[in-house]
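J.: Okay, sequence plus prediction incoming.
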Amino acid sequence: MRHVTRREFIKSAGGFVSAVGLGSAARGAQAQRRERFNVLFLMTDQHDASVMGCAGNPVVKTPNLDKLASEGVRFTRAVCATPFCSPSRASLVTGLWPHTHGLVRNVQPNEKWLTDETTTTEQILFDKGCETFHLGKWHLGPTTDVRCYRKDAEKTSGNAYREFLKSAPREKWHTAREGEVKIGEVCLTPEMARFHSTWQKEERKPQQDVSIIGRFLRPAEYTLEWWLADRCIELIRKYEDENFMITWSVSPPHALHIVPDPYYSMYDPARVPFPKSWEDRPEAYQPHISARMGAMMGEKNVREYLRCYYGQVTLMDELIGRILSALKEAGLERHTLVLFTSDHGDMQAAHGMVEKSVPAYYEQIVRVPFLMRYPTIKPGRVINQHVGSVDVMPTLLEFAGMPIPKGAQGTSLKSLVEGKTNEDDRPGFSERGKGERATSRMIRTKRWKYSYFVFRERRELFDLETDLHEMSNLAESAEHRTILADLHKQLREQMEKSDDPALALVPKS
C-alpha cells in the first residue's frame, strides 16, 4: 500500500508552506489572515439513505436532517466506495478509491493504518492553520497516529467517557418491564432473547455480538453519542474565533441496535416500512451473516430490529439538531460548511437480510445519505447526479480555497451545488476486495446497475426503473445482452482510468 507523502503533496499543491512545526499561536495567526471558513462533518454509521423524512420515508422522525436538507442540498444518488466501514471511511478522507489507498478490509482494534504521511483533508487543513478534531468512531487506526487529531484527544476518548459514567446517577437508569429479558443494560423481547440465545451457538459470526437488539436502559443523555455531542458543542464554542474542522462520527444506527426511551417506544414495529423483497432470497447470499441472521430472526424479530434502528436514527437526529443549534448560537452558520453522510447502508430486511455483512451491491447498503449546507448553496436543492465517497475530500478543499492534491480520484462538487454547472450522467461506482475470491466491482447508472463478481464470473444486472427492489436479475437475458456488454465496457473503462489492479481479473467482454 502506498500513500501520497506529505512532501509529494506539498510539491503537487504548488509548494505552499506547511504550518507544521509552528506553535499554536503562530498557526492561529495564520488562520486569522485568511477568510473565515469552518467544516462541520456529521456522520452516522450504516445509515440507509431512505431512512430520512426528507428522502420520503413516511414513518421515521428526522426533523433536523430534514431542515438541513431544506437549507442546503440533498443528493439522491450518493454511492459509497465500499459497502462496509473502513474502506469507505478511508476514501472519504483521502479522495482515493480503496484499491488506490490500499485499505480493502476493516481495520481491527488497535491496528495502525492512517499515519502522518497520509494525505487527508484534515491533515491539509491542519497544516494551513485549522483546528481539527475527530469525535467518535474512526475505524482507521488510533487517531493519535495522525498529527491533526492529537490535540486534546484524551478529552474525547473512550477512557474520558468511562470516567464520566462513573459519576452518573444510576437512579436515572430505566428499569425492565414485565416480560422483557434483561441482558446487561439492554432489555430484549422474549422472541428476540430466543434469537439471541440461538445466535450464540453460531460458529460463523462477527466478533461483535450483533444479536443484542432492544431497549437500552441507559438514559439518552448518558449514552456515548450524547456525550460526544456535548464535546462537539464545547469545541464549537471554544474555537468560535478560529478556523476549524470538527468531525462528529457516531456508530448508530450500526449494531449494537439498542436505543433508550423515548426513542425505542416511538416506533410501532408493525408500522415500520417493510420491503417487497423480503421473501426474495438469492441463493448466492444465503451463506452470509446478513442472510443467516434474517432467516433466523423471522419477520417479527426483524421488525423489532427496524424499530430499534429507526429509534437510533431519531436519537442521532436530535443530537445533530443540538450541534447545529450551537453552531447558530455561536454565529458561525455563515462561515461553516456542514456536511452529513454515512459510510454505507443497511439491508433493512430487503431480500430477507439485516445489517450489511453480505458481498452484494443492493441499494440498501450502497446508497448513503448526503446533505450539504453553506451560504453559497441555494436552499432546498435536490441533485440526482451520482456522487461518491471519493468526492468529499476535493469538495471540502475547493470550498476552503485550497488546491486539490495531485492524484486525488474524486471530483469537487462545489460548482455543481452552487448551480454553476449542471448535473451530468456520470455513473456511480463501488468496489470490494482483492484476490479472485473476494473481488467484485459495480457500476450504477440512473437506470441500470451492473455488478461483476470475479469468483465464478457471476454477474448481476438490474433495471432500477422497472425493478426498484432488484428482484429480477437480467444478466442472463438475451434481450439485455447489448446493455450488459455496454455496462461491462464502462466498468472496465473506469477501472483502467483509476489504475485498478483488479482489471486483470475482469474479462474484456
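T.: Cool, got the structure.
J.: Now the helix or strand harbouring Thr198: buried residues?
T.: When elements are assigned from DSSP states H and E, Thr198 belongs to helix 190-199. For helix 190-199, the buried set under the neighbour-count rule, 16 or more other C-beta atoms under 10 Å, comprises Met192, Ala193, Phe195, His196, Trp199. For the C-beta atoms, the positions are set from N, CA and C on the backbone; glycine is no exception.
J.: Could you find the closest non-adjacent residue to Arg492?
T.: Val506 (6.0 Å; C-beta to C-beta, 6 or more residues apart in numbering).
J.: Look up how far Tyr450 lies from that neighbour.
T.: For Val506, the distance to Tyr450 (C-beta to C-beta, to the nearest Å) stands at 12 Å.
J.: Same check on Ser325?
T.: Taking C-beta to C-beta, one finds Ser325 at 44 Å from Tyr450.
J.: Have a look at the two and say which one is more surrounded.
T.: Tyr450 (26 against 12; other C-beta atoms under 10 Å).
J.: Wait, a helix at that one?
T.: No. Applying DSSP: H, G, I helix; E, B strand; the rest coil, one finds Tyr450 to be strand, outside a helix.
J.: Could you check how far it is from Tyr285?
T.: Counting by C-beta to C-beta, the gap from Tyr450 to Tyr285 is 17 Å.
J.: for Met266, same thing?
T.: Met266 is 31 Å from Tyr285, by C-beta to C-beta.
J.: between the two, who's got more neighbours?
T.: Set Met266 next to Tyr285 and count neighbours by other C-beta under 10 Å: Tyr285 wins out with 19 against 16.
J.: Show me the protein divided up by domain.
T.: Domain ranges of the chain: 6-168+224-254+311-424, 434-509, per automatic domain parsing.
J.: can you give me the mean pLDDT across the longest one?
T.: So the one you mean is domain 6-168+224-254+311-424. Mean per-residue pLDDT for domain 6-168+224-254+311-424: 91.
J.: Look at the closest residue to Asp499 other than its chain neighbours and give its secondary structure.
T.: Computed as C-beta to C-beta, 6+ apart, the closest residue to Asp499 that is not its neighbour in sequence is Thr100, at 6.9 Å. Reducing the assignment at Thr100 to three states with three-state DSSP gives helix.
J.: Counting neighbours, what do you get for Thr100?
T.: For Thr100, using other C-beta under 10 Å, the count is 23.
J.: looking at it, it is touching Lys497, isn't it?
T.: No. When contacts are counted by C-beta atoms under 8 Å, Thr100 is not listed as touching Lys497 (11.5 Å).
J.: roughly how far apart are Glu479 and Leu461?
T.: Look at Glu479 and Leu461: by C-beta to C-beta, they are 11 Å apart.
J.: Mind checking which of those two has more residues around it?
T.: For Glu479 versus Leu461, neighbours defined as other C-beta under 10 Å are more numerous around Leu461 (23 against 7).
J.: Check that one and give its pLDDT.
T.: pLDDT, Leu461: 98.
J.: Adjacent strands (with direction) for the stretch of helix or strand it belongs to?
T.: Using DSSP H and E, Leu461 maps to strand 458-463. Strand pairing for strand 458-463, determined by DSSP bridges: strand 448-453 (antiparallel).
J.: Show me what counts as buried in stretch 461-480.
T.: Going by neighbour count (16+ other C-beta under 10 Å), the buried part of stretch 461-480 is Leu461, Phe462, Asp463, His469, Glu470, Asn473, Leu474, His480.
J.: Pick out whichever of those residues sits closest to Ser342.
T.: Ser342 lies nearest to Glu470 out of these, by C-beta to C-beta, at 20.0 Å.
J.: Which residue comes closest to the closest one once chain neighbours are left out?
T.: Nearest residue to Glu470, sequence neighbours excluded (C-beta to C-beta, 6+ apart): Phe462, at 4.5 Å.
J.: Report the beta-bridge partners for that neighbour.
T.: Lys449.
J.: quick one, strands of the stretch 401-509 of the chain?
T.: For the stretch 401-509 of the chain, the strands defined by DSSP state E, counting those that start in this stretch occupy 428-432, 440-444, 448-453, 458-463.
J.: angle of the first one against strand 448-453?
T.: It stands for strand 428-432. Interaxial angle of strand 428-432 relative to strand 448-453 (axes from the mean of the first three to the mean of the last three C-alpha atoms, to 10 degrees): 20 degrees.
J.: strand partners of strand 428-432, parallel vs antiparallel please.
T.: Short version: by DSSP bridges, strand 428-432 pairs with strand 440-444 (antiparallel).
J.: Using PDB, write out every CA atom in the strand it pairs with.
T.: Output of strand 440-444 as PDB, limited to C-alpha atoms (Å, rounded to 0.1, in the frame of the first residue of the first chain):
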ATOM      1  CA  SER A 440     -16.100  -7.500  -7.300                       C
ATOM      2  CA  ARG A 441     -17.000  -4.200  -9.000                       C
ATOM      3  CA  MET A 442     -20.200  -2.300  -9.500                       C
ATOM      4  CA  ILE A 443     -21.400   0.400 -11.900                       C
ATOM      5  CA  ARG A 444     -24.700   2.200 -11.400                       C
END
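J.: which parts of that strand are buried?
T.: Residues Ser440, Arg441, Met442, Ile443, Arg444 are the ones in strand 440-444 that count as buried (16+ other C-beta under 10 Å).
J.: ok, and what's touching the strand holding Leu461?
T.: Defining contact as C-beta atoms under 8 Å, 6 or more residues apart in numbering, one finds that strand 458-463 is touched by 284, 361, 447-453, 470, 472-475, 477, 480, 483-484, 487.
J.: hmm, 6 Å instead?
T.: Here strand 458-463 makes contact (C-beta atoms under 6 Å, 6 or more residues apart in numbering) with Lys449, Tyr450, Ser451, Tyr452, Glu470, Asn473, Leu474, Ala475, Leu484.
J.: Likewise for stretch 470-488?
T.: Ser277, Asp280, Tyr362, Ile443, Tyr450, Arg459, Glu460, Leu461, Phe462.
J.: biggest separation within the residues you listed, which pair?
T.: Distances among the contacts of stretch 470-488 were taken as C-beta to C-beta; the most separated pair is Asp280 and Ile443, at 22.3 Å.
J.: ranges for the helices of the stretch 201-350 of the chain?
T.: 224-238, 289-329 (DSSP state H, counting those that start in this stretch).
J.: show me the contacts for Val302.
T.: Counted by C-beta under 6 Å, 6+ apart, Val302 has contacts Ala349.
J.: scratch that, Gln490 is what I was asking about
T.: Gln490 makes contacts with Ile443, as judged by C-beta under 6 Å, 6+ apart.
J.: any idea how far it lies from Phe429?
T.: Using C-beta to C-beta, Gln490 is found at 9 Å from Phe429.
J.: do the same with Asn473
T.: 19 Å.
J.: hang on, the earlier thing: would you mind putting the buried residues of strand 440-444 into a markdown table with distance to Glu423 and pLDDT alongside?
T.: Supplementary listing: these in a markdown table, determined by distance: C-beta to C-beta, whole Å; pLDDT from 0 to 100:
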| residue | distance to Glu423 | pLDDT |
| --- | --- | --- |
| Ser440 | 28 | 98 |
| Arg441 | 24 | 98 |
| Met442 | 21 | 98 |
| Ile443 | 18 | 98 |
| Arg444 | 15 | 98 |
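J.: Tell me how many other residues crowd the closest residue to His288 other than its chain neighbours.
T.: Nearest residue to His288, sequence neighbours excluded (C-beta to C-beta, 6+ apart): Val358, at 4.4 Å. By other C-beta under 10 Å, the residues close to Val358 number 26.
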